[in-house]
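Chemist: need a structure here:
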Amino acid sequence: MTDRRCPVTHAVPPHRLDPTGAHQHAVNDALRARGAAVPVLLPGDVPGYAITRHEELKEFVTHPDVAKNARHFAALRNDELPPGWPMRTFATIRGMITADGEDHRRLRSLVTRAFTPRRVEALRPVVHELTGTLLDRLAEAAAAAPDGVADLRRHFALPLPMSVICQLLGVDDAYQDRLHALSNEIVSTQTAPERVPDANREMVAILGQVAAARLTAPGDDLTSALIAAREENGDQLSEEELIGTLMLTIIAGHETTLNLITNAVRALCNHRDQLDLVRSGAASWGDVVEETLRYDSPVSFFPFRYPTSDLPVGDTVIPQGAPVLVSYTAAGRDERAYGPDAARFDVTRRARHLSFGHGAHFCLGAPLARMEAVIALEGLFTRFPALDLAVPDEELVPHPSFVGNSPQRLPVRPGAAHSG
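Modeler: Residues are numbered from 1 along each chain as shown. This is a model prediction of the structure:
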């Protein structure tokens, strides 16, 4: 692709991806040094590849010989995956994320008809109100703790996008905690094999109940709009496609934003000079969001794409049918794209990133995620100007996944609330 020399497949041992997600950026540095496309071992010793550099990733995801449909996944097609493989859902879920060509265009068109800019903008006052409520709860949690420490991820970064996405979809509040727990199990690359099918079945069952309720009593929500959406030829989502779309919306709609808010707060607390730039007006909260997406992407190794023929990427040939992960965290710190200071958090950088994808599969939820993160960060640091981490950064434990990228907890001391 980018490198036009005759590539060869190197006989190098594959890198075994750590399912705990430990030392993500150090791993990325080592992988980028090995090349643009690196052989890796997925859970269960399933061989695959990871794309680690910005330009090659950008080219790969738009290459005509790269597919998303799992019928191109050789190990799946040949029944070579271990039982209860924790990453099977990423390959087999029905929806836009696993569709190609005309099928993808049809599904995306139907979802776009329902997930309109007007619907997203209508959530702005909801996000503002929720932010205020959750900041009160964060303050209460810290005040109730003997050391004045509260987990920002649990009390703020999680319930905000989860509440918003459930309101968007018309999902009852009573399901929120369970849907988050199931989402965590599905996204985690450390989930026990015996739990994988059960977690999927339970989420499908809950979302089936939601869809059935909206079918009999439609409301002003995305689920009802998805059920009603039709193309000009009368085509609409099948039941399986509807449930798959709801599952993807739940998972991507809150996990990504949860990690984005958490990672942004972490970065600002570790780079107070950058926070000062925002407060002085030299940069905006939108700039913070975009730089966080580049510097510490909420999604790391995102599954899957499959070459439909042996495909050269840099100095490597990825064989037809191999599962390929694209690493947004690795590409985000690629010095070839961002210069020698790529590993530095700089809210004035204003560089383009790939963290919401690129090309036909660019994330439809990006405007909502950006809006939520901007409102959340501005509200948080306005209310608690002295907010800081309560533990050294190196003590933060990563979420157990190499797909998602964020710490499991973010203990903070909010400090005195601003009275204005």
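
Chemist: and A343, what does it touch?
Modeler: Counting by Cβ atoms under 8 Å, 6 or more residues apart in numbering, A343 touches 25, 333. Bear in mind the C-beta positions are built from the backbone N, C-alpha and C, glycine included.

Chemist: let me redo that: I250
Modeler: Counting by Cβ under 8 Å, 6+ apart, I250 has contacts 165-166, 169, 171, 179, 183, 203, 207.

Chemist: Using pLDDT, spot the least trustworthy of the residues you listed.
Modeler: Within the set of the contacts of I250, pLDDT is lowest for S183 (85).

Chemist: Wait, a helix at that one?
Modeler: Yes: counting by DSSP: H, G, I helix; E, B strand; the rest coil, S183 is part of a helix.

Chemist: neighbours of it, just the number please.
Modeler: Using other Cβ atoms under 10 Å, S183 has 22 other residues around it.

Chemist: how close does it get to L396?
Modeler: S183 sits 21 Å away from L396, taking Cβ to Cβ, to the nearest Å as the criterion.

Chemist: Give me the below-cutoff pLDDT ranges for the stretch 201-350 of the chain.
Modeler: 230-234 (pLDDT under 70).

Chemist: what's downstream of the helix or strand where R266 lies, the next helix or strand?
Modeler: Taking DSSP states H and E as the definition, one finds R266 inside helix 239-270. Downstream of helix 239-270, the first helix or strand assigned by DSSP H and E is helix 272-280.

Chemist: Just name whatever secondary elements the next helix or strand after that following helix is in contact with.
Modeler: Scanning forward in sequence from helix 272-280 by DSSP H and E, the next helix or strand is helix 285-295. Based on contacts counted as 3 or more Cβ pairs under 8 Å, 6 or more residues apart in numbering; DSSP states H and E, the elements that helix 285-295 packs against are helix 239-270, helix 272-280, helix 328-332, helix 366-383.

Chemist: next one: helix 285-295 to chain centre, how far?
Modeler: Taking the mean of its C-alpha atoms, helix 285-295 sits 15 Å from the chain's own mean (Cα atoms, centre = their mean, to the nearest Å).

Chemist: Stretch 352-364 too?
Modeler: Put simply, stretch 352-364 sits 11 Å off its chain's centre (Cα atoms, centre = their mean).

Chemist: List of residues touching that stretch?
Modeler: 54, 57-58, 61-62, 68, 96-97, 104, 108, 111-112, 115, 252, 256, 290, 293-294, 297-299, 328, 331-332, 366, 369.

Chemist: Could you identify the buried members of those residues?
Modeler: For these, a burial check counting by 16 or more other Cβ atoms under 10 Å picks out 54, 57-58, 61, 68, 96-97, 104, 108, 111, 115, 252, 256, 290, 293-294, 297-299, 328, 331-332, 369.

Chemist: which residue ranges form the strands in this structure?
Modeler: 15-16, 37-42, 46-51, 66-67, 150-151, 301-307, 311-313, 316-318, 324-327, 388-389, 411-413 (DSSP state E).

Chemist: Please identify which of those is closest to G404.
Modeler: Evaluated with Cβ to Cβ, these place strand 301-307 nearest to G404, the distance being 9.5 Å.

Chemist: hang on, the earlier thing: distance between the helix holding R266 and the chain's centre?
Modeler: How far helix 239-270 lies from its chain's middle: 5 Å, per Cα atoms, centre = their mean.

Chemist: Likewise for stretch 65-82?
Modeler: Once both centres are worked out by Cα atoms, centre = their mean, stretch 65-82 turns out to sit 22 Å from its chain's centre.

Chemist: for stretch 360-374, same thing?
Modeler: For stretch 360-374, the distance to the chain centre is 10 Å (Cα atoms, centre = their mean).

Chemist: circling back to that earlier point, take the helices and strands packed on helix 285-295 and write them to JSON lines, including distance to P82.
Modeler: Shown next, in JSON lines, are the helices and strands packed on helix 285-295 (distance: least, Cβ to Cβ, whole Å):
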{"stretch": "helix 239-270", "distance to P82": "23"}
{"stretch": "helix 272-280", "distance to P82": "44"}
{"stretch": "helix 328-332", "distance to P82": "26"}
{"stretch": "helix 366-383", "distance to P82": "33"}
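
Chemist: right, so those: which one is the most enclosed?
Modeler: helix 328-332 (a mean of 27; mean count of other Cβ atoms under 10 Å).

Chemist: and that one, C-alpha only, in PDB?
Modeler: What follows is helix 328-332 as a C-alpha-only set of coordinates in PDB (Å, rounded to 0.1, in the frame of the first residue of the first chain):
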ATOM      1  CA  TYR A 328      -6.200   3.800  16.800                       C
ATOM      2  CA  THR A 329      -4.000   4.200  19.900                       C
ATOM      3  CA  ALA A 330      -0.900   3.200  17.900                       C
ATOM      4  CA  ALA A 331      -1.800   5.400  14.900                       C
ATOM      5  CA  GLY A 332      -2.600   8.300  17.100                       C
END
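
Chemist: Remind me what it packs against, helices and strands.
Modeler: Other helices and strands packing on helix 328-332, by 3+ Cβ pairs under 8 Å, 6+ apart, are helix 24-34, helix 54-60, helix 285-295.

Chemist: ok so, going back, using TSV, lay out the strands of the chain together with distance to L31.
Modeler: Output for the strands of the chain, formatted as TSV (distance: least, Cβ to Cβ, whole Å):
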stretch	distance to L31
strand 15-16	6
strand 37-42	5
strand 46-51	6
strand 66-67	19
strand 150-151	31
strand 301-307	10
strand 311-313	13
strand 316-318	12
strand 324-327	7
strand 388-389	28
strand 411-413	30
